[in-house]
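[1] take this sequence and fold it.
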Amino acid sequence: MASFKLPAFLCVAVLSSMALVSHGAVIGLCQGACPKGWAKHNNRCFLHVAEKKTWIVAELNCLHLGGNLASEHSEDDHQFLKELHKGLDSSDSPFWIGLSAVHEEKTWLWSDGTRASGKDYTRWNPAEPNNFGGKEDCVHSNYGGKKNWNDVKCDRKYPSICSLRSNN
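    Okay, the predicted model is just below:
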């Protein structure tokens, strides 16, 4: 699997955003109600993407839609995402969220730029993150008996949840 350093990842993100602007896309503005097919929760809009993708391809897909992979900042967010996924994926399998350490080992950041350090909300499964087998730099949720976060290799393929900021 290719390893993406932060400058390369940001370059892809900026270029993707520029492509959206040059085509007149305004999906990411999400003013008021969420776009069709998106669910609103705590001033954000969420979209469940059932197609299994690698973490970076899932993030690029969310960027293309005007957002990022979803971040979780509270137990309420965590439960909402699990219910959104459970309602649309009968297997109750894991799904990608926007947390990763692709830029620097053991330094977790949300792909939407929100805080993921210090005393921020976390929902790791017991003994996670463990970097089992090395290079587990991406995070999926809804994993294991507790159905919480797990660090995993970024080249695995899972469904994902994208999010957009809402002005209301």
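
[2] can we go C-alpha only for contacts and neighbour counts from here?
    Fine.

[3] and the contacts of the longest strand seen in the chain?
    Longest among the strand segments of the chain by residue count, using DSSP state E, is strand 44-53. Under the criterion CA atoms under 8 Å, 6 or more residues apart in numbering, residues 30, 34-35, 37-40, 70, 84-85, 88-89, 156-166 lie in contact with strand 44-53.

[4] list only buried entries from those residues.
    30, 34-35, 38, 40, 70, 85, 89, 157-166 (16 or more other CA atoms under 10 Å).

[5] narrow those to those in helices?
    residue 85 (DSSP state H).

[6] in strands, which of the buried ones among the contacts of strand 44-53 appear?
    40, 158, 159, 160, 161, 162, 163, 164, 165.

[7] so which of those residues is the closest to residue 133?
    residue 158 (18.8 Å; CA to CA).

[8] just give me the neighbour total for the residue nearest to that closest one when sequence neighbours are not counted.
    Excluding its sequence neighbours, the residue lying closest to residue 158 (CA to CA, 6 or more residues apart in numbering) is residue 52, at 4.3 Å. Other residues near residue 52 come to 15 when the count uses other CA atoms under 10 Å.

[9] and residue 52, what pLDDT?
    pLDDT, residue 52: 96.

[10] that one and residue 134, how far apart?
    22 Å (CA to CA, to the nearest Å).
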